[in-house]
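> Kindly generate the corresponding structure for this input.
(one chain, ligands or ions: 1)
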Amino acid sequence: MRKFILAAVAALFASQAPAQAPPPPKLLVVISVDQFSADLFDEYRPRFTGGLARLASGTVFRDGYQSHAATETCPGHSTILTGDRPARTGIVANAWIDQSAQRADKTIYCAEDPQAPGSSSKAYKVSASQLRVPTLGELMKARWPQSRNVAVAGKDRAAVMMSGHRADQRWYWDGKKFTTDLSAAPVPASIAAINAATAREIAAPAPPLNPTAFCAAKAQPIPIEGHAPVGAGAFARAAGDRDAFEASPEFDGAILGTAAALVREMRLGQGSAPDVLSIGLSATDYVGHSYGTEGQEMCLQLLSLDWDIGDFLKFLDSTGVDYAVALTADHGGQDIPERLRLHGVPDAQRVDSALAASAVGKAIGMKLRLDGSLLFGDVSGDIYVNRELSPADRARVIAEALRIYRAHPQVAAVFTNDELARTPLPRTPPDKWSLIERARASFDPQRSGDFVVLLKEHVTPIGHATRSVATHGSPWDYDRRVPILFWRPGFHGRVVETPAETVDIMPTLAALVELPLAAGSVDGHCLDGTPAFCQAR
Ligand SMILES: [Zn+2]
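Here you go, the predicted structure:
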């Protein structure tokens, strides 16, 4: 009898094929949800039932980090598919000041070609020329010439930073239509149809969305000085209102529709080499800026986004392509200080307008009896000293500026270019970094300011009565922490509590498609516990 059971068991094992890892996927889909903080992901995760629920059933890094201090769109997007922090990508901000630029406008936009005739930071020629490192899509094309590198986004800088210098198709919204900077690439036929459909959508008024009970419970109008109250909106839109379209769930629907059209028309994932499709979903950022992050508006936005991503994934399923998805964000965000104070954050406040670089420069000029503009920059972040000053005056101006900023009750720290240049790049987990280490990770000696001003936690760096009521850009974790999700059909899920960085996404996806990377060639490292095989198989 015993012998019989043993034989039966042996036969059973012999009849089963040995378990084998699946081959690499044919399409990598990388989604960046602009301003999708880890705080928002945690808050809404139990409410997701669509695409975000499906992706959250994969590997979830709850403590993902855009680890650097300059938590803006362009630096954040530059980390996701390069594997490098902004100190290495060179994308230290959305825009920086180059006083040696041979043009009247000394501000350089991160995704422009400043050498192009007539380009300025406001009317720019879109280009990846400021990005100092290659993207995953570029490296895949270098190894497999048949590989396609495609990007679709609401913002040009998101599409440019995720696809880089060699893209096959790159489409982004210019305020009126989806457009491209790749003038040599053939225009897919679907673009005209998408643009016509989107124009028709905008031309018609949009009725308010019908909030679920969960979102309706968040509908509390919050007064803001010099601004209409926010918190109880539902995206009713007047005919032709393009700004309202961009700050609504409709916008992400149009971006995902464009991405789906390109997948179908280009037959992405059906060639001889793996393809990469980057998608920048920008509406969450515009909703956050326009209404804050904790009202009915953000609730409706995130639940709509969940359904729209769900529809997009169902579309991908229908193509039969073997695909894998990574989802993250370019930065987090913080709610409006007016609502934060009601919700138990008593030190939430708006920045003192006296901190504006121009105002501080004026005060220094009066004290030191110097004429002209002395400082350039915003209320925080990189501040530049007028390079036409004599070395002696320059030293006096910097000393006085440091004294003024450091004495201000809203300022957490000020670091000079020299101090940052002397600081080693951090090597510890990103949740352990000091403020100077966070600033170091988005520091470039040529592009960064003469000093960087970091505001205290919960100080919103925009004053009253601007169009934006909330923002990001600080070195604090509400702006740094973002979800990092990996999903592939058939892979079981897990939640990882160990901190990870967005620079880890690129080496993880490279391992997934078996693209070798030279040791130490990127800042990030392959994340175990994902569908990727971090040790070469
Ligand atoms: Zn933003």
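
> My understanding was that Phe251 contacts Phe245; is that so?
Yes - with contact defined as CB atoms under 8 Å, Phe251 reaches Phe245; the gap is 6.0 Å. C-betas here are computed from N, CA, C, even on glycine.

> From the contact counts, what lies against the helix or strand hosting Ala412?
According to DSSP states H and E, Ala412 maps onto strand 411-416. When contacts are defined as 3 or more CB pairs under 8 Å, 6 or more residues apart in numbering; DSSP states H and E, strand 411-416 packs onto helix 391-407, helix 435-440, strand 451-455.

> Mind listing residues that contact that strand?
Residues from elsewhere that reach strand 411-416, judged by CB atoms under 8 Å, 6 or more residues apart in numbering: 355, 398, 402, 405-406, 435-436, 439, 450-457, 475.

> Show me how to select, in ChimeraX, the buried members of those.
Remark: buried members of the contacts of strand 411-416, expressed as a ChimeraX selection using 16 or more other CB atoms under 10 Å:
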select :355,398,402,405,436,439,450,451,452,453,454,455,456,475
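
> Centre-most residue in this protein?
The centroid of the chain falls nearest to Asp330 when counting by CA atoms, centre = their mean (1.7 Å).

> Worst mean pLDDT across the helices and strands of this structure, which element?
When each helix and strand of the chain is scored by mean pLDDT, DSSP states H and E, helix 2-15 comes last, with a mean of 55.

> Tell me the spacing between the closest residue to Ala421 other than its chain neighbours and Asp306.
In space, and not counting its chain neighbours, Ala421 is closest to Pro445: 5.4 Å by CB to CB, 6 or more residues apart in numbering. Pro445 sits 42 Å away from Asp306, taking CB to CB, to the nearest Å as the criterion.

> Neighbour count for those two, which is higher?
More neighbours surround Asp306 than the other of Pro445 and Asp306, with 21 against 10 (other CB atoms under 10 Å).

> re the thing from before, so the residue nearest to the centre of the chain sits against Ser32, correct?
Yes - counting by CB under 8 Å, Asp330 touches Ser32, with 5.5 Å between them.

> okay, and the common contacts of the two?
Contacts common to Asp330 and Ser32, judged by CB under 8 Å, 6+ apart, are Gly76, His77, Ile80, Ala158.

> Please list the members of the residues you listed that lie in helices.
The helices, defined by DSSP state H, take in Gly76, His77, Ile80, Ala158 from the shared contacts of Asp330 and Ser32.

> among those residues, who's most crowded?
Within those, neighbour counts (other CB under 10 Å) peak at His77, which reaches 34 neighbours.

> how many neighbours does the residue nearest to that one when sequence neighbours are not counted have?
Excluding its sequence neighbours, the residue lying closest to His77 (CB to CB, 6+ apart) is Met161, at 3.8 Å. Using other CB under 10 Å, Met161 has 33 neighbouring residues.

> ok, Met161 to Leu136 distance?
Look at Met161 and Leu136: by CB to CB, they are 12 Å apart.

> what sits opposite Val29 in the beta ladder?
Leu277, Val325 (DSSP bridges).

> ok so, going back, report the mean confidence score over whatever helix or strand comes next after the strand holding Ala412.
Where DSSP H and E defines the elements, the next helix or strand beyond strand 411-416 is helix 417-422. For helix 417-422, mean pLDDT is 98.

> residues contacting the residue nearest to Gln349 when sequence neighbours are not counted?
Nearest residue to Gln349, sequence neighbours excluded (CB to CB, 6+ apart): Pro337, at 5.3 Å. Applying CB under 8 Å, 6+ apart, we find Pro337 in contact with Val345, Ala348, Gln349, Arg350, His458, Thr460.

> hmm, try it at 7 Å
Ala348, Gln349, Arg350, Thr460 (CB atoms under 7 Å, 6 or more residues apart in numbering).

> buried stuff in stretch 462-478?
Going by neighbour count (16+ other CB under 10 Å), the buried part of stretch 462-478 is Ile462, Val469, Ala470, Thr471, His472, Gly473, Ser474, Pro475, Trp476, Asp477, Tyr478.

> With stretch 301-320 instead?
When burial is assessed from 16+ other CB under 10 Å, stretch 301-320 yields the following buried residues: 301-310, 312-313, 315-316, 319.

> avg pLDDT for it?
Averaging pLDDT along stretch 301-320 gives 98.

> try stretch 397-405
98.

> Let me see the residues that make contact with that stretch.
Residues contacting stretch 397-405 (CB under 7 Å, 6+ apart): 360, 363-364, 367-368, 374-375, 385, 389, 411, 414, 450-451, 453.

> Make JSON lines from the ones in helices among the shared contacts of Asp330 and Ser32 and add pLDDT and distance to Ser121 to it.
Below are these laid out as JSON lines (pLDDT from 0 to 100; distance: CB to CB, whole Å):
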{"residue": "Gly76", "pLDDT": "98", "distance to Ser121": "19"}
{"residue": "His77", "pLDDT": "98", "distance to Ser121": "18"}
{"residue": "Ile80", "pLDDT": "98", "distance to Ser121": "23"}
{"residue": "Ala158", "pLDDT": "98", "distance to Ser121": "17"}
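
> and the buried residues of stretch 301-320, which of them are in helices?
Per DSSP H, the buried residues of stretch 301-320 map to helices at 301-310, 312-313, 315-316, 319.

> Would you map the helices across the stretch 201-350 of the chain?
Along the stretch 201-350 of the chain, the segments classed as helices by DSSP state H, counting those that start in this stretch run 213-216, 242-246, 249-266, 283-291, 296-319, 337-342.

> chain center to the third one: distance?
Here the centre of mass of C-alpha atoms in helix 249-266, compared against the chain's by CA atoms, centre = their mean, to the nearest Å, lies 19 Å away.
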